[in-house]
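Engineer: sequence-free structure coming up:
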């Protein structure tokens, strides 16, 4: 069998030109380990392995060693944890971005950041092609490539899962064994996972049947709520203009703050969900997620908003929250509409400053207190006791005016009904007259 030239391979796999140097988004897992070798072999080019540290809690030196052993010309590892939390996680929390009512967008928020710095590495090393390990069925391929399109529209993109002959995890394992690629995988692994500072997600394998309960041993960030402490725990979270700043009175930077909340929420089993979501490309997918710290941030900020944010601004923000979540989930983080939504959220969050107290107990949480130096909540106005700031009789005019359109509508409807009565009577009378003394056909009942 004749080996294809790089030019022939480029044509076969849908590239405009043979790549000279490829920057591969590399995780050290089965897919990207095989891709590193396959790209080198197929296109006879250098491959630079790039990994973004967004809090996946893996052995980074070991991953770097594997990349070099598999043939990477260079290995770039960038610590993006602080930027991930500050520029992606916290803005999504401030926007109340929740996809389909449950998913807090852990994977979705990491992808645009990863694609942004992948392009930075590409430009630094003089490469001409980026590659990723996303499959042709999922959302991540869209997120990565929309990021490339927005930030460097002319870059060449290689997506092996959409072009090579391998169709399954078993095919990749066989390829790795044939080519002596070091992997940590077996054909019977029951699921896949993706972890960062915001969450850990699980999908595939045994989870593809939505009726099958998630195995108890898959969870890494949270304990089983049934095994959580028997004593509730109180936690306070402080915000300034909607930005989280402190936990239990201790000022913390973004990554450290989210890590602390992950620890607190995790030991009480907070933040587990099991959902079937609608992927952007049109199919439904079952996912199991752990998001302990993010769950607490969302709950605490909503509590502070309740006493600080104007009613109409809050409603506008929550109407926009659905669009913000979908835009993030679909991969349009660097779009014009997202830029506009960020600006609105910044304006809406002005003065959303204060502290929320949550009580955590066996997988659940409840708000047990909230306070702010700039509240719209006014105890002297709302009190049921005597006050000198609100005149209850004023409510009569308010109710009368609010009810005016309802009264006018009711009067109009009465006129419509009255006008219709003669017509109805005429129809009924005519029908009755027509049927008087009419012979009944033989056999009719």
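Structural biologist: The structure has been received and is ready for your questions. Being a predicted model, the structure only gives us computed values, none of them experimental.

Engineer: pLDDT weak spots in the chain?
Structural biologist: Scanning the chain for pLDDT under 70 picks out the ranges 1-2, 185-190, 424-425, 427, 430-445.

Engineer: so which residue is smack in the middle of it?
Structural biologist: With distances taken as CA atoms, centre = their mean, the residue of the chain nearest its centroid is residue 105 (1.6 Å).

Engineer: what is the neighbour count of residue 222?
Structural biologist: Neighbours of residue 222 under the rule other CB atoms under 10 Å: 22. C-betas here are computed from N, CA, C, even on glycine.

Engineer: nope, residue 416 is what I meant
Structural biologist: Burial of residue 416, expressed as a neighbour count using other CB under 10 Å, amounts to 8.

Engineer: and residue 60, by the same measure?
Structural biologist: The local packing of residue 60 (other CB under 10 Å) involves 15 other residues.

Engineer: likewise the one 10 residues further on?
Structural biologist: Residues within reach of residue 70, counting by other CB under 10 Å, total 24.

Engineer: leaving out sequence neighbours, find the closest residue to it.
Structural biologist: Beyond its immediate neighbours in the sequence, the residue positioned closest to residue 70 (CB to CB, 6 or more residues apart in numbering) is residue 36, lying 4.9 Å away.

Engineer: in what helix or strand does that neighbour lie?
Structural biologist: With the criterion set as DSSP states H and E, the secondary-structure element containing residue 36 is helix 30-43.

Engineer: counting contacts, what elements does the helix or strand that that helix is followed by pack onto?
Structural biologist: The first helix or strand that comes after helix 30-43 along the chain, using DSSP H and E, is strand 46-53. Using 3 or more CB pairs under 8 Å, 6 or more residues apart in numbering; DSSP states H and E as the contact criterion, the neighbours of strand 46-53 among helices and strands are strand 21-25, helix 30-43, helix 60-70, strand 74-79, helix 106-125.

Engineer: most neighbours per residue, which of these?
Structural biologist: Among the helices and strands packed on strand 46-53, strand 21-25 has the highest mean neighbour count (mean count of other CB atoms under 10 Å), at a mean of 24.

Engineer: that one pairs with which strands, parallel or anti?
Structural biologist: Paired with strand 21-25 in the same sheet, following DSSP bridges, are strand 46-53 (parallel), strand 129-131 (parallel).

Engineer: centre of the chain to the longest one, how far?
Structural biologist: Yep, that's strand 46-53 we're talking about. Relative to its chain's centre, strand 46-53 lies at 25 Å (CA atoms, centre = their mean, to the nearest Å).

Engineer: now stretch 332-340
Structural biologist: Computed by CA atoms, centre = their mean, the separation of stretch 332-340 from the middle of its chain amounts to 15 Å.

Engineer: distance check, the nearest residue to the residue nearest to the centre of the chain once chain neighbours are set aside against residue 106.
Structural biologist: Counting by CB to CB, 6+ apart, residue 105 lies nearest to residue 328, which is 5.3 Å off, once chain neighbours are set aside. According to CB to CB, to the nearest Å, residue 328 stands 11 Å off from residue 106.

Engineer: residue ranges of each domain in this protein, please.
Structural biologist: If the domains of the chain are taken from automatic domain parsing, they occupy 17-182, 195-309+352-382, with pieces of a single domain joined by a plus sign.

Engineer: closest one to residue 404 among these?
Structural biologist: For residue 404, the closest of these is domain 195-309+352-382, at 25.4 Å, according to CB to CB.

Engineer: which stretches of the stretch 301-445 of the chain form helices?
Structural biologist: 311-330, 336-348, 379-382, 394-434 (DSSP state H, counting those that start in this stretch).

Engineer: show me what the last one packs onto, helices and strands only.
Structural biologist: Helices and strands touching helix 394-434, as assessed by 3+ CB pairs under 8 Å, 6+ apart, are absent.

Engineer: so how far is that helix from its chain's centroid?
Structural biologist: Between the centre of helix 394-434 and the centre of its host chain there is 49 Å, according to CA atoms, centre = their mean.

Engineer: and for stretch 291-307?
Structural biologist: Taking the mean C-alpha point of stretch 291-307 and that of its whole chain, the gap between them comes to 16 Å (CA atoms, centre = their mean).

Engineer: same check, this time on stretch 112-128
Structural biologist: For stretch 112-128, the distance to the chain centre is 24 Å (CA atoms, centre = their mean).

Engineer: next: stretch 356-367.
Structural biologist: Shown here is stretch 356-367, whose average C-alpha point lies 22 Å from the average C-alpha point of the whole chain (CA atoms, centre = their mean).

Engineer: give the contact list for the spatially closest residue to residue 233 that is not a sequence neighbour.
Structural biologist: Computed as CB to CB, 6+ apart, the closest residue to residue 233 that is not its neighbour in sequence is residue 360, at 5.0 Å. For residue 360, the set of contacting residues under the criterion of CB atoms under 8 Å, 6 or more residues apart in numbering consists of 232, 233, 234, 235, 264, 265, 268, 270, 296.

Engineer: out of the strands paired with strand 21-25, which gets nearest to residue 99?
Structural biologist: strand 46-53 (21.8 Å).

Engineer: and the end-to-end length of stretch 355-373?
Structural biologist: As for stretch 355-373, its first-to-last residue distance stands at 9 Å under the measure CA to CA, to the nearest Å.

Engineer: cool, and stretch 326-344?
Structural biologist: End-to-end distance for stretch 326-344, by CA to CA: 16 Å.

Engineer: in three-state terms, label the nearest residue to residue 330 once chain neighbours are set aside for me.
Structural biologist: If the residues on either side of it in the chain are set aside, residue 330 comes closest to residue 280, at 4.8 Å by CB to CB, 6+ apart. Under DSSP: H, G, I helix; E, B strand; the rest coil, residue 280 falls in the coil class.

Engineer: residue 280 contacts residue 140, correct?
Structural biologist: No - judged on CB atoms under 8 Å, residue 280 makes no contact with residue 140 at a distance of 10.1 Å.

Engineer: between those two, which is the more surrounded one?
Structural biologist: Each of residue 280 and residue 140 had its neighbours counted (other CB under 10 Å), and the higher figure belongs to residue 140 (21 against 16).

Engineer: residue contacts, that one?
Structural biologist: 107, 111, 132, 134.

Engineer: do residue 351 as well
Structural biologist: Under the criterion of CB under 8 Å, 6+ apart, the contact partners of residue 351 comprise 241, 308, 309, 374.

Engineer: ok, residue 68 to residue 341 distance?
Structural biologist: In this structure, residue 68 lies at 42 Å from residue 341, with CB to CB as the measure.

Engineer: show me where the stretch 201-350 of the chain has its strands.
Structural biologist: Applying DSSP state E, counting those that start in this stretch to the stretch 201-350 of the chain gives strands spanning 233-240, 243-247, 250-251, 272-278, 284-290.

Engineer: got a markdown table for the ones you listed, with mean neighbour count too?
Structural biologist: Rendered in a markdown table, the data for these read as follows (neighbours: other CB atoms under 10 Å):
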| stretch | mean neighbour count |
| --- | --- |
| strand 233-240 | 19 |
| strand 243-247 | 20 |
| strand 250-251 | 11 |
| strand 272-278 | 15 |
| strand 284-290 | 20 |
